[in-house]
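Undergrad: okay, structure incoming, though there's no sequence with it:
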């Protein structure tokens, strides 16, 4: 991805950010000064954060870090045009040694998020960490503990928590206007083409420090064509699309329900279907979460609605977003607010939102005031929502191939899950996927003990417990004791 930013674009960005939020000077020892921020991982998302930080008054970008020197140098060249000259690092640990660094934005691949956040907390820095905040269930626990132990401000990158439209919609529901919530749906219907298939290990880009990039993960041979981004589809570094887009929608689902922990049971149905490539994670997945308040259904659809069609199937107009179904209507929501619909689908009321455009500014303000309670998405919330994706993926990973009939039998107790599965079967058939030839995988109903942080029952639960954490590669080890 090419980074470009001209002066006119920057001035528009800065003006927009200044208009949307006022940030007071940061005062230490009685002397006002800027909040000094560094960004680690300055590819796609990290570069977005760089541009947003440049538009927030009272913020000074003092450091950039990336294990790929080519990406780092490209960012530095673009910033140089604006006369912004941060220090640069390939080794994140060296960046944390800076004395004039107050906060870090972590936008690296998923497998680095927790460790890099903990290291920053230990170094006395505050952290904005991208979703998912953890790569496994153990890390969800440890990242939340670290923020508390070291007294740091840690914001999760679930930006919709800063969207007023969502907050107003949920308030409307909690006031009893739609009756009880009966079901929450989340959707990631996002087109994902094949990543191709290699015949053997590929060369690591010469500009990449592969040891630092791998971090906690094993330094495995590169078995994919594209080094960057496609790490999402491999278990050692990514969490699939449920872990890429899912943290947003599953966070919204939990927020709508008012649930503070993980569900008592989970089951996943899915697979990597429609093509054969090097990816490991599902491109088609249905996960059912059994919460006491109401069930949550999450769908991943990565194939087009039909061959040659340029987009994925939509459900009630939604491809990416949520539908909170209640007794007397629904709240249908995407990136910015949403609509209240009655049971006949008529629009009743709109709650407008901006998708969480002030989320980074909210973090900066909390850093200034030292008030963690003012965070829109404190890391403990991000950690629980990340836990939802890990539960779903673990059910998939310990699952077994099954016929559609057998899957229907496992979902028999939930009419909505069966309806969702029927739609998925129709979408697969439209893409010429025959479940008899390429069967789907269904997990057992894994039972989760949220207090003990372990699975206690269900098919494959012992195997799932072995994957609650990972074998860390020294010295990139998430500490067990915090």
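TA: Looks like it arrived, so ask away. Worth saying up front: this structure is predicted, and the values here are computed from it rather than measured.
Undergrad: helices and strands of this protein: which one bottoms out on pLDDT?
TA: Least confident helix or strand of the chain, by mean pLDDT, DSSP states H and E, is strand 26-28 with a mean of 41.
Undergrad: which stretches in the stretch 251-400 of the chain count as strands?
TA: With DSSP state E, counting those that start in this stretch as the criterion, the stretch 251-400 of the chain has strands at 265-271, 284-290, 296-301, 320-326, 329-333, 338-341, 347-351, 400-402.
Undergrad: to residue 482, which of those lies closest?
TA: For the strands of the stretch 251-400 of the chain, distance to residue 482 was read as Cβ to Cβ. The smallest value, 26.1 Å, belongs to strand 265-271. (C-beta placed from N, C-alpha, C; glycine too.)
Undergrad: what pairs with that closest one, parallel or antiparallel?
TA: Counting by DSSP bridges, the strands paired with strand 265-271 are strand 284-290 (antiparallel), strand 440-442 (antiparallel), strand 446-449 (antiparallel).
Undergrad: okay, now residue 471: neighbour count?
TA: Counted by other Cβ atoms under 10 Å, the residues lying close to residue 471 total 8.
Undergrad: thinking again about what came up before, turn the strands of the stretch 251-400 of the chain into a markdown table, including mean pLDDT.
TA: Listed next are the strands of the stretch 251-400 of the chain as a markdown table, based on pLDDT from 0 to 100:
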| stretch | mean pLDDT |
| --- | --- |
| strand 265-271 | 98 |
| strand 284-290 | 98 |
| strand 296-301 | 98 |
| strand 320-326 | 98 |
| strand 329-333 | 98 |
| strand 338-341 | 97 |
| strand 347-351 | 97 |
| strand 400-402 | 97 |
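Undergrad: so residue 83: helix, strand or coil?
TA: Classification of residue 83 using DSSP: H, G, I helix; E, B strand; the rest coil returns coil.
Undergrad: er, residue 62 actually
TA: Residue 62 - assigned by three-state DSSP - is strand.
Undergrad: so what's it up against?
TA: Applying Cβ atoms under 8 Å, 6 or more residues apart in numbering to residue 62 gives the contacts 36-38, 86-87, 98, 100-101.
Undergrad: farthest pair in those?
TA: 37 and 87 (12.0 Å).
Undergrad: with neighbour numbers in mind, choose between those two.
TA: residue 37 (27 against 16).
Undergrad: mind checking what helix or strand follows whichever strand or helix holds the more buried one in sequence?
TA: In the assignment (DSSP states H and E), residue 37 maps to strand 35-40. Remark: after strand 35-40, the chain's next helix or strand is helix 44-54, criterion DSSP H and E.
Undergrad: what about that following helix, average pLDDT?
TA: Averaging pLDDT along helix 44-54 yields 97.
Undergrad: packing partners for it?
TA: Under the contact criterion of 3 or more Cβ pairs under 8 Å, 6 or more residues apart in numbering; DSSP states H and E, helix 44-54 touches helix 7-20, strand 35-40, strand 59-65, helix 69-80, strand 103-106, helix 359-369.
Undergrad: report the angle between it and helix 359-369.
TA: Inter-element angle recorded for helix 44-54 and helix 359-369: 60 degrees (by axes from the mean of the first three to the mean of the last three Cα atoms, to 10 degrees).
Undergrad: quick one on the thing from earlier: so what sits against both of residue 37 and residue 87?
TA: In contact with both residue 37 and residue 87: 62-63, using Cβ under 8 Å, 6+ apart.
Undergrad: thought residue 305 was touching residue 319?
TA: No: using Cβ atoms under 8 Å, residue 305 is not in contact with residue 319; the gap is 9.9 Å.
Undergrad: what element comes up after the longest strand belonging to the chain heading to the C-terminus?
TA: Secondary structure of the chain per DSSP state E: the longest strand is strand 181-189. Remark: after strand 181-189, the chain's next helix or strand is helix 210-214, criterion DSSP H and E.
Undergrad: and the next element down the chain from that following helix?
TA: Heading C-terminal from helix 210-214 (DSSP H and E), you reach helix 240-244.
Undergrad: low pLDDT regions in this protein?
TA: Applying pLDDT under 70 to the chain flags the ranges 1-32.
Undergrad: go through the longest strand of the chain and flag the buried ones.
TA: Neighbour counts using 16 or more other Cβ atoms under 10 Å place 181, 183-189 of strand 181-189 among the buried residues.
Undergrad: coming back round to it: can you list the strands that the strand holding residue 37 pairs with?
TA: Assessed with DSSP bridges, strand 35-40 is paired to strand 59-65 (parallel), strand 103-106 (parallel).
Undergrad: run a quick neighbour tally on residue 313.
TA: That count, for residue 313 with other Cβ under 10 Å as the rule, works out to 19.
Undergrad: give me the distance between it and residue 272.
TA: 18 Å (Cβ to Cβ, to the nearest Å).
Undergrad: residue 236 too?
TA: Distance of residue 236 to residue 272, computed by Cβ to Cβ: 16 Å.
Undergrad: show me the longest helix that occurs in this protein.
TA: Assignment by DSSP state H gives helix 379-397 as the longest helix of the chain.
Undergrad: run the angle between that helix and strand 265-271 for me.
TA: If you take the same axes, to 10 degrees, helix 379-397 sits at 60 degrees to strand 265-271.
Undergrad: chain center to helix 379-397: distance?
TA: 10 Å (Cα atoms, centre = their mean, to the nearest Å).
Undergrad: in TSV: the strands paired with strand 265-271, plus distance to residue 371 and mean neighbour count.
TA: Putting the strands paired with strand 265-271 into TSV (distance: least, Cβ to Cβ, whole Å; neighbours: other Cβ atoms under 10 Å) gives the following:
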stretch	distance to residue 371	mean neighbour count
strand 284-290	32	25
strand 440-442	45	25
strand 446-449	33	20
